[in-house]
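Novice: Fold the following and give me the result.
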Amino acid sequence: MTQPPQYPDPSSGSTPGQNPPFPAQPPQPPYPQQGYPQQGYPPATQQPAYAPGYPQGYPQQYPQQYPPGPYQPPRPKKRPSALWFIPGAIALVLAGVCVAVAIVTGVRLFHTDGYLYPDSKAHSFDRGKGSHMLFTQVDVEPPKECTATDGSGQLTLDAPDTSSDVTISTGGYDWEPFATFSSDGSRVSITCTDGEQVRVGAAVGGNQFVVIGVSAIGALGLGLLGLAGLIVVAVFYIARRPKKGLTA
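Specialist: Coordinates of the predicted model:
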């Protein structure tokens, strides 16, 4: 069965045998599509501020650089003066003085003028001016009677101060004083009776031991202080010696 011929519809504008045109599509929303919020753009008149002297669009990040100057050698440290050695030297001299005082006091303290036996005879000893003592061995009874004379006449023998309880160790024995006297002459004669051996020597006392102790401590302290000071000054004096081309 044949179909009747098709004639174009004057209102549609299509030709026979063609499909009718698609209807017009509605306008699409601008990008971005639904689900992505549209970002705004700043107006053309609002531009970010940039530091002057730099191209627009390159923000300032580093300060202006200057070329390094010429090389300058380090300044040499000041060398200590030779006068810095004087305090250490003075301390050593004072330490030597303390040693000398301790030695002289010790020699006088332990010096023995001589020994005598209580045989009722006069025994002469060369002694200078000052105080002297007669000693017996520890735990030994002193002679019953002793006398001492010099060029001026008979000397007075006094009992020593027993509060200090001083003893002297010399000649392999320990001695303790039992009599003391003072002489203005250079020669003394001593006579003792009935007893054991007697030692004649310089007077001893607590003050002499104090002098020796203080002198020893002073010599040690001043010696270490002076030596340390000299070493420190010498190290700086040598280390900061001026080099060639440099002045201290």
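
Novice: model confidence over stretch 135-144, on average?
Specialist: The predicted model assigns stretch 135-144 a mean pLDDT of 89.

Novice: Buried ones in whatever helix or strand residue 238 lives in, by neighbour count?
Specialist: Taking DSSP states H and E as the definition, one finds residue 238 inside helix 206-239. Using 16 or more other C-beta atoms under 10 Å as the test for burial, helix 206-239 gives 208, 211-212, 215-216, 218-219, 222-223, 225-226, 229-230, 233. In short, each C-beta sits where N, CA and C put it, glycine included.

Novice: what do you get for stretch 116-130?
Specialist: For stretch 116-130, by 16+ other C-beta under 10 Å, it's 116, 118, 123, 125, 127.

Novice: same check, this time on stretch 107-115
Specialist: 109, 113.

Novice: and the helix or strand of the chain with the lowest mean pLDDT, which strands flank it?
Specialist: Of all helical and strand segments in the chain, the minimum by mean pLDDT, DSSP states H and E falls on strand 168-170, at a mean of 82. Sheet partners assigned to strand 168-170 using DSSP bridges are listed as strand 173-183 (antiparallel).

Novice: how about the buried residues of stretch 116-130, which pair is most distant?
Specialist: Put simply, by C-beta to C-beta the two of these set farthest apart are 118 and 127, 19.3 Å from each other.

Novice: Which stretches in the protein count as strands?
Specialist: Ranges of strands in the chain, per DSSP state E, are 112-116, 119-126, 130-137, 145-150, 153-155, 168-170, 173-183, 187-193, 198-202.

Novice: Domain-wise, how is this structure divided?
Specialist: Following automatic domain parsing, the chain resolves into domains at 82-102+210-239, 112-203.

Novice: Put together TSV for these, with distance to residue 70 on each row.
Specialist: TSV is the format used below for the domains of the chain (distance: least, C-beta to C-beta, whole Å):
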stretch	distance to residue 70
domain 82-102+210-239	28
domain 112-203	79
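
Novice: weakest of those by average pLDDT?
Specialist: domain 112-203 (a mean of 84).

Novice: Between strand 198-202 and the helix holding residue 238, find me the angle.
Specialist: 50 degrees (axes from the mean of the first three to the mean of the last three C-alpha atoms, to 10 degrees).

Novice: Report all helices and strands that helix 206-239 contacts.
Specialist: helix 85-110 (3 or more C-beta pairs under 8 Å, 6 or more residues apart in numbering; DSSP states H and E).

Novice: Give the buried residues for the helix it packs on.
Specialist: 88, 91, 92, 94, 95, 98, 99, 101, 102, 105, 106, 109.

Novice: Fine, thanks again, bye for now.
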